[in-house]
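Participant: fold the following.
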Amino acid sequence: MKLVIALLLLVIGTVAFHFLSPWWFTPLASNWGAIDDTIGITFWITGIVFVLVNLFLAYCVYKFRFKKGHKSDYEPENKKLEYWLTGITTLGVVAMLAPGLVVWAQFVDIPEEAKIVEVVGQQWQWGFRFPGADGKLGSADNPFVSTTNPLGINPSDPAGQDDRLVLSSELKLPLGQPTKVLLRSKDVLHNFTVPQFRVKMDLVPGTISKLWFTPTREGRFDILCMELCGIAHYAMRGYVHVVSPQEYNKWLTTLPTFAETQQGGSGDAVAGENSYISCGACHGQQGEGNASMNAPKLAGLSDWYITRQIKNYQNGIRGSHKDDIFGQQMVGMAQILADPVTLRNVAAYISTLEETQTTNTVEGNADKGASLYVTCGACHGRQGEGNFALNAPRLAGQQDWYLKRQLTHFKKGIRGTNAKDQYGKQMILMAKMLTSEQDINDLLTHINTF
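Facilitator: The predicted structure follows:
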């Protein structure tokens, strides 16, 4: 009898949980309401079967419970029952599969008028590319990836010169326009998903997959990776903004073309030496850093990282938080390098500076820090050497007091909370894995051994 009651409670609790649960589909924002319909059909069929099977099981447990003096009747075959079960099961399977096949036929039939956007995934971020005036995307491949060509566009393909690039995880799409999405991976398996659009598709290295949808509601929606792609898989986030066609067209014209991104060239270190004098007043003329001025070491950092951080200060991505006192000071200094050529030259000069030995200021357990660093090393390298492909700066040789301050700022939201700071958002999630100050000290003590 206890088992009968348990089965009845299981059915009642499951049904009640479904109708009272706060977890439902996000509101639909695309043309794929048919996908919701197929899921609904599957749910109702499996739900009804679940209820009937468990109620039947409860009935059998009660009806045929052990009774002294009674003996069970063994019936090895019942063709009539088997025919009924086979027929009902077949109808149920067909009812679940047929709608999905119909929707899939629509899903792979991409409208000719659909606009094209390429989505490029890598650990652990997104990039996007639109065709230029010629309406065609240039060819691309991973061997072409470099510091100045992060999407790996073929520089010899004329069709790619006018392609417009989005080198961040923020994408805009026009309302009501069918959109064809080409999916490409630079490293491992990823999966592009926008829950409100009800579409998802794998990004497979070495091939291009595709999907399509029509945005039907303006708003800002999450782009997620739904394929376990490594240790920071959960931090691989992006956003798609569905806006009016007029706003979309205006935004599209502000995007740089591939040709424009290649015109900058590398910086002139000799020319950058004079411009660095102002920086050296705090950071040291050899980029050695100065703790008394709260100025970190610059020697040893890559020019691409220096350039990005200066631009972040110039654009208010860093130094805008009220508690980031030293970052606020850097905002004004960064404006000295407002000219892109001057900035490239200074970054090139800094990359030539020879490193000097730093003085350790934190004490911790290096062995415990080694286990904590496993997560950090996935991006920053096993020896803290940094990794351009993952946009992770070098940690080896950096002053521990500065690293400690930055980790604390990420944990407190002083750094990384700006909507445009995509890498900072990831670092907030990673820094929160360090649950105490001792964890930070242990980690930094390990980094000091590099």
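
Participant: endpoint to endpoint, stretch 189-207 covers what distance?
Facilitator: Distance between the boundary residues of stretch 189-207 (Cα to Cα, to the nearest Å) amounts to 11 Å.

Participant: now do stretch 293-308
Facilitator: 22 Å.

Participant: then stretch 241-257?
Facilitator: Rule used - Cα to Cα; the end-to-end distance of stretch 241-257 is 21 Å.

Participant: can you give me the buried ones in it?
Facilitator: Neighbour-count burial for stretch 241-257, counted by 16 or more other Cβ atoms under 10 Å, picks out 241-243, 248, 255, 257. Where you see a C-beta, it was placed from the backbone N, CA and C, and this is true even at glycine.

Participant: can you give me the strands in the chain?
Facilitator: Remark: strands assigned in the chain by DSSP state E are 115-122, 125-130, 164-166, 170-174, 179-185, 190-194, 199-203, 209-213, 219-225, 237-243.

Participant: dump the ones you listed to TSV, plus mean pLDDT and distance to F410.
Facilitator: Below are those laid out as TSV (pLDDT from 0 to 100; distance: least, Cβ to Cβ, whole Å):
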stretch	mean pLDDT	distance to F410
strand 115-122	94	22
strand 125-130	92	17
strand 164-166	92	25
strand 170-174	93	20
strand 179-185	95	28
strand 190-194	95	24
strand 199-203	93	28
strand 209-213	95	34
strand 219-225	94	21
strand 237-243	92	16
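
Participant: tabulate the ones you listed (TSV), appending distance to L7.
Facilitator: As requested, the strands of the chain are exported to TSV (distance: least, Cβ to Cβ, whole Å):
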stretch	distance to L7
strand 115-122	45
strand 125-130	47
strand 164-166	54
strand 170-174	49
strand 179-185	45
strand 190-194	36
strand 199-203	36
strand 209-213	42
strand 219-225	37
strand 237-243	42
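
Participant: mind checking which of these is nearest Y62?
Facilitator: Minimum separation from Y62 across the strands of the chain (Cβ to Cβ) falls at strand 199-203, 44.3 Å.

Participant: dump the buried residues of stretch 241-257 into CSV; add distance to T148 as well.
Facilitator: Below are these laid out as CSV (distance: Cβ to Cβ, whole Å):
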residue, distance to T148
H241, 27
V242, 31
V243, 29
Y248, 27
L255, 16
T257, 14
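
Participant: and the furthest pair within the residues you listed?
Facilitator: V242 and T257 (23.9 Å).

Participant: which stretches of the stretch 1-150 of the chain form helices?
Facilitator: Ranges of helices within the stretch 1-150 of the chain are 2-20, 33-63, 79-107, based on DSSP state H, counting those that start in this stretch.

Participant: now the spatially closest residue to L182 that is not a sequence neighbour: how far from I440?
Facilitator: Among residues not flanking L182 along the chain, E118 sits closest, at 4.5 Å (Cβ to Cβ, 6 or more residues apart in numbering). E118 sits 40 Å away from I440, going by Cβ to Cβ, to the nearest Å.

Participant: and N360, what does it touch?
Facilitator: Applying Cβ atoms under 8 Å, 6 or more residues apart in numbering, we find N360 in contact with 400, 445, 448.

Participant: among these, which ones are in helices?
Facilitator: Secondary structure from DSSP state H places 400, 445 of the contacts of N360 in helices.

Participant: identify, from the contacts of N360, the entry nearest to E354.
Facilitator: Nearest to E354 among the contacts of N360: N448, at 19.3 Å, using Cβ to Cβ.

Participant: was I right about the residue nearest to L182 contacting R184?
Facilitator: Yes: using Cβ atoms under 8 Å, E118 is in contact with R184, at 6.4 Å.

Participant: overlap in contacts of the two?
Facilitator: Common neighbours of E118 and R184, using Cβ under 8 Å, 6+ apart, are A140.

Participant: if we can go back for a sec, so can I have CSV of the contacts of N360 showing distance to S278, neighbour count and pLDDT?
Facilitator: CSV is the format used below for the contacts of N360 (distance: Cβ to Cβ, whole Å; neighbours: other Cβ atoms under 10 Å; pLDDT from 0 to 100):
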residue, distance to S278, neighbour count, pLDDT
D400, 26, 22, 92
T445, 34, 20, 95
N448, 30, 24, 93
